[in-house]
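>>> need a 3D model of the following:
(one chain, ligands or ions: 2)
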Amino acid sequence: MRRYVLAIDQGTTSSRAVVVDGSGLIVATAQREHRQYFPHPGWVEHDVVEIRDNVRLVVAEALAAAGLGGADIAAVGLTNQRETTVVWDRRTGEPVHRAIVWQDTRTRAAVDALAADGGTGRFQAVTGLPLATYFSATKIAWILDHVPGARADAEAGHLAFGTTDSWMLWNLTGGPAGGVHATDATNASRTLLMDLRTLEWSPALLEAFGIPAAMLPRIAASAEVYGTVAASEPLVGEVLAGVPVAGILGDQQAATFGQTVFAPGAAKNTYGTGCFMDMVTGTEPVFSANGLLTTVAYRLAGQDPVYALEGSIAEAGSLVQWLRDNLGIISTSAEVEQLAASVEDNAGVYFVPAFSGLFAPHWRPEARGAVFGLTRYATRAHLARAALEATAFQVAEVVAAAAADCSRPLTELRVDGGMAVNDALMQFQADLLGIDVVRPAVTETTALGAAFAAGLAVGHWSSLEELGRTWHEERRFVPDLDAGRRAALLRRWDSAVRRTFGWLDDA
Ligand SMILES: Nc1ncnc2c1ncn2[C@@H]1O[C@H](COP(=O)(O)OP(=O)(O)O)[C@@H](O)[C@H]1O
Ligand SMILES: O=P(O)(O)OC[C@H](O)CO
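Residues are numbered from 1 along each chain as shown. Ligands and ions are numbered 1, 2, ... in the order given. Down below sits the predicted model:
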């Protein structure tokens with residue numbers, strides 16, 4: 001009896017395999033980190049062969065931990081770090097370059113040149129995205145321009161582009177021997193190459209970025225059977241041969257789906273390395289006038305796409321890691337809670353983590369990180385507190401932007417991700433937003449969303465309503481701060497953020 005769904009979550013720092021049962025509970029997980037490559041300042045790369053090997057291992061480990069075999073698994077769902085760009089040779093199955101990661105800013109000059117040549121509005125009007133190094137388009141072009149022979153091979157149809165969902169799907173379904181080359185609309189909506197209304201690659205944008213159509217995957221639904229696991233796939237094929245791969249969602253859209261945030265006006269925020277607020281807006285895209293992205297939330301087979309506004313924040317938990325790894329003022333991420341709680345307030349210290357510029361809602365690549373308000377009274381505890389508060393302030397900015405775009409204020413925010421375990425941070429978030437912040441019982445929402453999509457496609461679950469019934473509240477944080485104090489804090493934060501603008505340009 002096939003009572004379980006397997007989700008593979010290929011993230012920025014690690015790859016995880018998660019086994020989910022019919023009631024939406026997690027029965028086993030396995031995880032492996034991969035190496036981060038920083039070959040130059042601002043460059044971030046991943047070795048996708050290492051990632052492919054890790055995926056094979058974690059799948060085998062999770063199934064072994066659960067004591068399950070292929071006959072127990074109804075479907076496999078995939079979710080992934082978005083935008084990260086893989087280009088591989090269809091003939092050999094080998095990547096032509098290490099993957100260029102979403103955080104990588106090497107293509108800033110290309111972005112500036114395109115902006116100077118006709119402005120950025122033409123990109124947002126078609127894709128819902130600002131023109132920025134964050135997205136895949138300029139990363140693909142960089143690989144084609146820097147790997148000898150790559151452009152000619154791409155034009156001849158020998159090279160394939162994909163985000164890591166496509167890379168996993170192609171490998172799982174046979175690789176060079178007939179692997180399926182597809183992605184879903186949520187991932188395609190992060191490339192700067194997809195027309196948000198037609199959900200097709202835009203010929204005008206392919207031309208603008210110089211990208212041959214022959215290297216692009218088919219844009220599929222988020223829940224459909226793309227193919228089946230090939231017997232030839234090392235480790236995975238031994239157990240899962242013939243099992244359908246049936247769900248793909250970019251990781252933030254997967255977390256939205258896993259939080260069962262389906263209805264227009266509902267939102268979730270995922271606090272991980274970065275931080276991503278997604279508010280579902282319905283079957284018509286809402287184009288932001290306030291610095292948010294318009295993105296596909298999900299598309300079920302045969303149905304209209306459902307769109308979301310997203311506030312993408314580059315640095316959140318990474319700031320806690322920075323306190324740990326670069327300053328050494330804590331020895332584990334969790335220790336930040338105790339240190340921050342050892343002082344009553346931030347003593348006027350504000351920490352703007354613009355380490356690689358600022359993403360939403362400011363889109364300021366030239367900003368750099370800064371700490372304001374230091375006095376001799378300030379201690380490492382105030383710095384820790386300011387670092388945590390920085391995440392909540394950034395989330396408050398994108399939630400305010402979403403309210404302005406939709407003229408519909410949020411009534412509550414569902415939360416998940418590694419930092420959401422931090423009760424003090426969640427309380428401060430509720431205080432700053434003035435709405436309830438709600439944490440679910442299952443916080444592995446990203447894997448859950450991918451499992452839900454795959455399970456829906458094969459009839460393991462029957463409807464969004466049924467999925468909604470699997471969601472349970474674990475804790476609700478209720479605002480406890482008067483409006484005047486909240487406004488004063490937000491004003492101070494805004495003043496700090498504005499002081500970081502233009503830093504690199506002033507050099
Ligand atoms: N108790 C805590 N308080 C604040 N931040 C934390 C805490 N525990 C973990 N983190 C941060 O959460 C992040 C990990 O979250 P996770 O959702 O696993 O990230 P990702 O999926 O981006 O790899 C790390 O950046 C870590 O510093
Ligand atoms: O892998 P994560 O959780 O850091 O998420 C990365 C995002 O998808 C980038 O857009």
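
>>> just give the nearest non-adjacent residue to residue 348, would you?
residue 373 (4.0 Å; Cβ to Cβ, 6 or more residues apart in numbering). Where C-beta positions appear, they are placed from N, C-alpha and C, glycine not excepted.

>>> next one: residue 204
Nearest residue to residue 204, sequence neighbours excluded (Cβ to Cβ, 6+ apart): residue 126, at 7.5 Å.

>>> and the residue of the stretch 51-200 of the chain nearest ligand 1?
Nearest residue of the stretch 51-200 of the chain to ligand 1: residue 81, at 8.4 Å (Cβ to the nearest ligand atom).

>>> report all helices and strands that the lengthiest helix in the chain contacts.
Longest helix in the chain, counting residues (DSSP state H): helix 380-406. Here helix 380-406 touches strand 267-271, strand 275-282, strand 306-313, helix 317-322, helix 335-341, strand 350-352, helix 423-433, helix 483-500, going by 3 or more Cβ pairs under 8 Å, 6 or more residues apart in numbering; DSSP states H and E.

>>> could I get those as a markdown table with distance to ligand 1, mean pLDDT and mean neighbour count?
Formatted as a markdown table, the helices and strands packed on helix 380-406 follow (distance: least, Cβ to the nearest ligand atom, whole Å; pLDDT from 0 to 100; neighbours: other Cβ atoms under 10 Å):
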| stretch | distance to ligand 1 | mean pLDDT | mean neighbour count |
| --- | --- | --- | --- |
| strand 267-271 | 7 | 97 | 27 |
| strand 275-282 | 9 | 96 | 25 |
| strand 306-313 | 11 | 97 | 27 |
| helix 317-322 | 2 | 93 | 21 |
| helix 335-341 | 5 | 95 | 19 |
| strand 350-352 | 14 | 98 | 24 |
| helix 423-433 | 6 | 97 | 21 |
| helix 483-500 | 18 | 97 | 15 |
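
>>> and of those, who's closest to residue 110?
The closest approach between residue 110 and any of the helices and strands packed on helix 380-406, judged by Cβ to Cβ, belongs to strand 306-313 at 19.9 Å.

>>> partners of that closest one, with directions?
Strand pairing for strand 306-313, determined by DSSP bridges: strand 275-282 (antiparallel), strand 293-298 (antiparallel).

>>> adding distance to ligand 2, write these out as JSON lines.
JSON lines is the format used below for the strands paired with strand 306-313 (distance: least, Cβ to the nearest ligand atom, whole Å):
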{"stretch": "strand 275-282", "distance to ligand 2": "7"}
{"stretch": "strand 293-298", "distance to ligand 2": "10"}
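
>>> nearest to residue 346, out of the ones you listed?
Proximity to residue 346 (Cβ to Cβ) singles out strand 275-282 among those, at 18.8 Å.

>>> need the residues that contact that closest one.
Among residues not part of strand 275-282, those counted as contacts by Cβ atoms under 8 Å, 6 or more residues apart in numbering are 252-253, 255-256, 261-270, 295, 297, 306-313, 316-317, 391, 394-395, 398-399, 402, 406, 410, 413, 417, 419.

>>> picking that back up, how far does the helix or strand hosting the residue nearest to residue 204 sit from its chain's centre?
Using DSSP states H and E, residue 126 maps to helix 121-127. On the basis of Cα atoms, centre = their mean, to the nearest Å, helix 121-127 sits 21 Å off its chain's mean C-alpha point.

>>> in that helix, what's buried?
123, 124, 126, 127 (16 or more other Cβ atoms under 10 Å).

>>> isn't residue 358 up against residue 498?
No - with contact defined as Cβ atoms under 8 Å, residue 358 does not count as touching residue 498 (10.5 Å).

>>> which stretches of the stretch 1-150 of the chain have low pLDDT?
Along the stretch 1-150 of the chain, the model assigns pLDDT under 70 to residues 1.

>>> and it, which residues reach ligand 2?
Within the stretch 1-150 of the chain, the positions near ligand 2 by Cβ under 6 Å from any ligand atom are 11, 12, 81, 82, 83, 102.

>>> neighbours around the closest residue to the first one other than its chain neighbours, how many?
Looking back up the chat, that one is residue 11. Leaving aside its sequence neighbours, residue 11 sits nearest to residue 81 (Cβ to Cβ, 6+ apart; 5.4 Å). For residue 81, the neighbour count with other Cβ atoms under 10 Å is 25.

>>> appreciated, that's everything.
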